[in-house]
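J.: Below is the structure, and that's it, no one-letter string:
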């Protein structure tokens, strides 16, 4: 089974979003599963995981409702207020019986505090999340957040985490890659941390990139995590800003071409299936 572990949908008529905004003309519209299905079919992808794009419960309910209606949506990474542990517990209890609710994400890169992830109340909320057996997608953006992941892994050892977009390696900047690699390897030294091969096109020059731009980052991630802790995600529809779904899928296959059949099977589906318990 081939699984896209990182897709967004949104309906701006039903749900409030801080982003996209009217200035994002290509994305500021309703983007729903009916548009996604033919893209998955053309790529030969069997299923996908929806990932939250707004820090409120309203969107989570919307995503879960969409999952019920479309068989190729295998799971949802929603939101609970992990910085308010008691409220997080109540919301997790609400979703405890929902087979699509797999994990949680919070837009930590939108928080003003670069140390938000290691606040005492957040760590307590993550312990609650771990107790419910749910995963945590870490929107770590190098350098502010990735450096905290080893601390979280140590303090909440039962929490399964995945680094969205490999924490955005500074590919376009051309500097800082060594420090990013060191921080990624430090995070990956903890077995409860995984990596998501997604959104790398947005870490490049959006208008002029190729799979070669990804190659060094993916090689670092493969050494750090191994195929069993690395998973593919398209980051669609954000991918539309850098060529679209097909281009991202082709680039992914190009950069993974040197892997063994077993490794490719893990990155393109097996890891996501195990991590999210699909």
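T.: On my side now, so go ahead. Since the structure is predicted, the reported quantities are computational estimates derived from the model, not experimental observations.

J.: Show me which helix runs longest in the chain.
T.: Using DSSP state H, we find that the single longest helix of the chain is helix 211-225.

J.: Tell me the buried residues in it?
T.: Residues of helix 211-225 classed as buried: 211, 213-214, 217-218, 220-222, 224-225 (neighbour count, 16 or more other CB atoms under 10 Å). All C-beta spots, glycine's among them, are computed from the backbone N, C-alpha and C.

J.: Return the member of those residues nearest to residue 243.
T.: Closest approach between the buried residues of helix 211-225 and residue 243, by CB to CB: residue 211, at 11.3 Å.

J.: average pLDDT across the longest helix of the chain?
T.: The average of the pLDDT scores along helix 211-225 is 95.

J.: So which other helices or strands are in contact with that helix?
T.: The contact analysis (3 or more CB pairs under 8 Å, 6 or more residues apart in numbering; DSSP states H and E) places helix 211-225 against helix 177-188, strand 193-197, helix 245-255.

J.: per-residue confidence for the residue nearest to the spatial centre of the chain?
T.: When CA atoms, centre = their mean is applied to the chain, the residue found nearest the centroid is residue 164 (3.8 Å). We have a pLDDT of 97 for residue 164.

J.: correct me, but it touches residue 141?
T.: No. The pair residue 164 / residue 141 is not scored as a contact, 9.2 Å apart, by CB atoms under 8 Å.

J.: While we're on residue 201, how confident is the model there?
T.: pLDDT at residue 201 comes out at 86.

J.: The buried residues of helix 211-225 into TSV, with extra columns for distance to residue 71?
T.: As requested, the buried residues of helix 211-225 are exported to TSV (distance: CB to CB, whole Å):
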residue	distance to residue 71
211	31
213	35
214	31
217	33
218	31
220	36
221	31
222	32
224	34
225	30
